[in-house]
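Asks: this is a predicted model, with the sequence first.
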Amino acid sequence: MSAVMKERAGASGAQAPADTLLEVRDLCKHFDTRQGLLGRGGAKVRAVDGVSFWIREGETLGLVGESGCGKSTTGKMILRLTDPTSGTINWRGRQIEKLPPGQMRAFRRELQAVFQDPYSSLNPRMRAAEIVAEPLRNFESLGQKEIGERVAALFDRVGLRPDQLVKYPHEFSGGQRQRLGIARALSVQPKLIVCDEPVSALDVSVQAQVINLLIDLQEEFGLSYLFVAHDLAVVEHISHRVAVMYLGKMVEIAPKREIFAAPRHPYTEALLSAVPVPDPTVERKRIILKGDVPSPMKPPSGCRFHTRCPYAEERCKVEEPTLREIEPGHLVACHLR
């Protein structure tokens, strides 16, 4: 990883460092819901509501939170698989959130993805070699022999055998399919890979193999990752910094060691208290949150976490906290911290 540079000041609008690859500002995605026979008058689902963060060259940003908090939607907006309602996506100095498909194509090879379910993201009618070769045919002018050599080299790099080149996706195990998905993403030499729950459907032993492969590839090719996950142990292993989302909002962003050693937001504290400790002699006080996650169609006023927060005050119910820098590189959206 390139040297992690210090952030240049900032509160809720903290500026990104000089080696920033991707910067997202006030990103929102609101889905309309239709009601009645004419499909009118529906409420909006605020899936992502004003998210800001950045990712540096060679860095992994872990994005965590409960199911439905907007993690995957954020990743899809960065890839432009879904268009944002508002906000900006700055990729290497160029705003891409409103680019038409023709202009966006030039950035597609630099922004790739590894999805949660590798089987559903692989064409079942194509052989493995064809799946990995498809991006090369789309973005590069190569002869058939050169494409074959590149595909064979990618198979070797991700730990797949040469005889598997002619197999179909259903003939691979879950871990092998994910390796195939990684090879496809690597084929066009991207700068950033959005990893959307890439190991959640795999066995624990296979998870470790895939995570270690991603780390090795990052060191070898200088890749950056947005690593979306709910497994905090996996996030701790692979990430350099961690961002925590709750109900469409970013509540805390900090370097990995700081956030796991001393979380500052009450929601982050509750999440980390649920992580098992592999030492039976160590006791950890579990923080049990009250109630359920509110609906993103009708989020609470003020701080969105106040309905479940054990420390909430009257101010929290009416005034929305901004994501501010309380220590160098450590941003928290909480009135009490």
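Replies: Arrived safely. Residues are numbered from 1 along each chain as shown.

Asks: how close does Leu232 get to His30?
Replies: Distance of Leu232 to His30, given as Cβ to Cβ, to the nearest Å: 28 Å. C-betas here are computed from N, CA, C, even on glycine.

Asks: with Arg286 instead?
Replies: Taken as Cβ to Cβ, the span from Arg286 to His30 is 35 Å.

Asks: who has more neighbours out of these two?
Replies: His30 (17 against 8; other Cβ atoms under 10 Å).

Asks: beta-bridge partners for that one, please?
Replies: For His30, the beta-bridge partners are Arg46 (DSSP bridges).

Asks: tell me where the stretch 1-150 of the chain has helices.
Replies: 71-78, 101-108, 128-139, 144-157 (DSSP state H, counting those that start in this stretch).

Asks: check those for me: which has the lowest mean pLDDT.
Replies: Ranked by mean pLDDT, the helices of the stretch 1-150 of the chain end with helix 101-108 at the bottom, a mean of 90.

Asks: how many neighbours does Leu214 have?
Replies: Leu214: 23 surrounding residues under other Cβ under 10 Å.

Asks: let me have the helices of the stretch 1-150 of the chain in a markdown table, extended by mean neighbour count.
Replies: Output for those, formatted as a markdown table (neighbours: other Cβ atoms under 10 Å):
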| stretch | mean neighbour count |
| --- | --- |
| helix 71-78 | 23 |
| helix 101-108 | 12 |
| helix 128-139 | 19 |
| helix 144-157 | 15 |
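
Asks: for stretch 303-323, buried residues please.
Replies: Buried residues in stretch 303-323, counted by 16 or more other Cβ atoms under 10 Å: Cys303, Arg304, Phe305, His306, Thr307, Arg308, Cys309, Ala312, Cys316, Glu320, Pro321, Leu323.

Asks: tell me the one of these nearest Gly93?
Replies: Closest approach to Gly93 among these (Cβ to Cβ): Leu323, at 22.9 Å.

Asks: how about that closest one: what's its closest non-neighbour residue?
Replies: Ala333 (4.4 Å; Cβ to Cβ, 6 or more residues apart in numbering).

Asks: with Ala16 instead?
Replies: Using Cβ to Cβ, 6+ apart and skipping the chain neighbours, the partner closest in space to Ala16 is Trp54 (4.0 Å).

Asks: is the one you found bridged to anything, and to what?
Replies: Glu23.

Asks: check contacts around it.
Replies: The neighbours of Trp54, taking Cβ atoms under 8 Å, 6 or more residues apart in numbering as the test, are Ala16, Pro17, Thr20, Leu22, Glu23, Val24.

Asks: just the buried residues from those, in ChimeraX please.
Replies: Those of those that count as buried under 16+ other Cβ under 10 Å are selected in ChimeraX with:
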select :16,17,20,22,23,24
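
Asks: looking at the contacts of Trp54, which is nearest Phe155?
Replies: Ranked by distance to Phe155 (Cβ to Cβ), these are led by Leu22 at 28.7 Å.

Asks: contact partners for the residue nearest the centre of the chain?
Replies: For the chain, the residue lying nearest the average C-alpha position, counting by Cα atoms, centre = their mean, turns out to be Val228 (3.3 Å). Going by Cβ under 8 Å, 6+ apart, Val228 touches Leu63, Lys71, Ser72, Thr74, Gly75, Val194, Cys195, Asp196, Glu197.
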